[in-house]
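Asker: okay, predicted coordinates and the sequence, questions at the end:
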Number of protein chains: 2
Amino acid sequence: MRPTKRDELVEKALAIFYQNGFHATGMDRLVADTGISKTSMYKHFRTKEDLILAALTLRDKLFRDWLVQRIEEAAATPRERILALFDVLGEWFASADFRGCMFIKASAEFQNHNHPVRQQSAEHKQLIQKYIQKLAEQAGLPQPVNLARQIIILKEGAIVATHVSGSKTAASDAKEAAEQLLSSPRS
Amino acid sequence: MRPTKRDELVEKALAIFYQNGFHATGMDRLVADTGISKTSMYKHFRTKEDLILAALTLRDKLFRDWLVQRIEEAAATPRERILALFDVLGEWFASADFRGCMFIKASAEFQNHNHPVRQQSAEHKQLIQKYIQKLAEQAGLPQPVNLARQIIILKEGAIVATHVSGSKTAASDAKEAAEQLLSSPRS
DNA sequence: CTAAAACTGTACCGATCTGTCAACCTTTTT
DNA sequence: AAAAAGGTTGACAGATCGGTACAGTTTTAG
């Protein structure tokens, strides 16, 4: 069991779905762009949906690993790391292939609330929120659960403001807001 | 020129696109669900894309009219109205047919940054931001442009947290954050 | 009342959709 | 050396996609 071809497929499919959308990307396009035969694809994944789910799983891993690593490189204390989140988001927004959050897009395309794609998206968001909450607890900040929820709201808002509205300042706007949340006495 | 049928089509198409997605909704589905013949549709709109754009135009009008009206009913002073935004969003989130922001979804499905759908989405967001900015100016708050950008980030974030993550508290979380932005001395 | 305008259903076009099939290579295991 | 496993191509279903053609019916306006 040396699934290098399968991994290659998921990797490339992830990039194409991210750049091109899920429904808008046909299997024939995947064949053309990955160089992997359709038969092989359907040997590894019973349906297109299974492939999408595998791509999202990989995306979750890659994105969270990258995010945590960059945050921990950028700042040393828990409190600084919460703020560093927005610097790291700013890096992401500035990268050439930024196309918004893959899980927001996935949730936009799959309407059924119980769809596995939706559940995976919710889990991804939940895991990031838990990470922020952990930092807030380590920093000894009051009401870490509420604070983490607010930080996540700023994060999602910054992503949308950048992607949909084309804002160039969203990361720093959100960071300034976060600074006030950290410094103000909590209600 | 009494375009009641055309208006009816756009209205119904808007609801279907919102609930079902753009690419996922075929013209045949529109025919079946609206009771309007395909021939008529293509007499009013040259392409599906034109119909989508008309639906988004209507959505922009309906949503902004509703938002402003509800805000102005809910609070009297500009400062209170900024905060009332989040109460009104909370109403929207709690409504049975809430499916996220139509323009975020549209931007998720149409990748090309220059696509008219994207431009329309950006304009919609811009108009709401200008409204908040005007309230901030009327309230005499410092740095109304920055503040409006941050309020909008909280708004978009609350929408995503509710729709994607399934948060029940996003509207009030965002409102609390907004209260701190309004009360803190601006950097 | 009549004629234009608007709307209707149905059948169809070529392209594309997800998914399958059989036949043939290449590599690894035995 | 041969069998098994996994890869390949390419053609092909059957459904659906956006969009059109056509002939008939309903609504509206003078």
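Answerer: Cool, the structure landed.
Asker: how near is the residue of chain A found nearest chain B to residue B:23?
Answerer: Closest residue of chain A to chain B, Cβ to the nearest Cβ: residue A:157 (3.0 Å). Any C-beta I mention is one placed from the backbone N, CA and C, and that applies to glycine too. Note on residue A:157: its distance to residue B:23, by Cβ to Cβ, to the nearest Å, is 26 Å.
Asker: with residue A:173 instead?
Answerer: 32 Å.
Asker: swap in residue A:74?
Answerer: Distance from residue A:74 to residue B:23, by Cβ to Cβ: 38 Å.
Asker: quick revisit: does the residue of chain A closest to chain B really touch residue B:151, like I thought?
Answerer: No - Residue A:157 lies out of contact with residue B:151 (Cβ atoms under 8 Å); the separation is 9.5 Å.
Asker: after the longest helix seen in chain A comes which helix or strand?
Answerer: Longest helix of chain A, by residue count under DSSP state H: helix A:48-74. Toward the C-terminus, helix A:48-74 is succeeded by helix A:78-94 as the next helix or strand (DSSP states H and E).
Asker: what's the helix or strand following that next one in contact with?
Answerer: Counting by DSSP H and E, the next helix or strand C-terminal to helix A:78-94 is helix A:102-109. Contacts to helix A:102-109, defined as Cβ atoms under 8 Å, 6 or more residues apart in numbering or on different chains, come from residues A:17-18, A:21-23, A:52, A:56, A:59-60, A:63, A:99, A:117-118, A:120-121, A:124-125, A:156, A:159-160, B:21, B:23-24, B:100, B:104-105, B:108-109, B:160, B:163-164.
Asker: please apply the same query to stretch A:67-76.
Answerer: A:81, A:83, A:84, A:85, A:87, A:88, A:91, A:128, A:131.
Asker: out of those residues, who's nearest residue B:39?
Answerer: residue A:128 (49.2 Å; Cβ to Cβ).
Asker: so the closest one sits right up against residue A:64, yeah?
Answerer: Yes - counting by Cβ under 8 Å, residue A:128 touches residue A:64, with 6.6 Å between them.
Asker: more neighbours, those two?
Answerer: residue A:128 (23 against 14; other Cβ atoms under 10 Å in any protein chain shown).
Asker: contact partners for the one residue in chain A that gets nearest to DNA strand D?
Answerer: As assessed by Cβ to the nearest atom of the strand, DNA strand D sits closest to residue A:37 within chain A, at 2.8 Å. Residue A:37 is in contact with residue A:31, counting by Cβ under 8 Å, 6+ apart.
Asker: I'm done for today, thanks for sticking with me.
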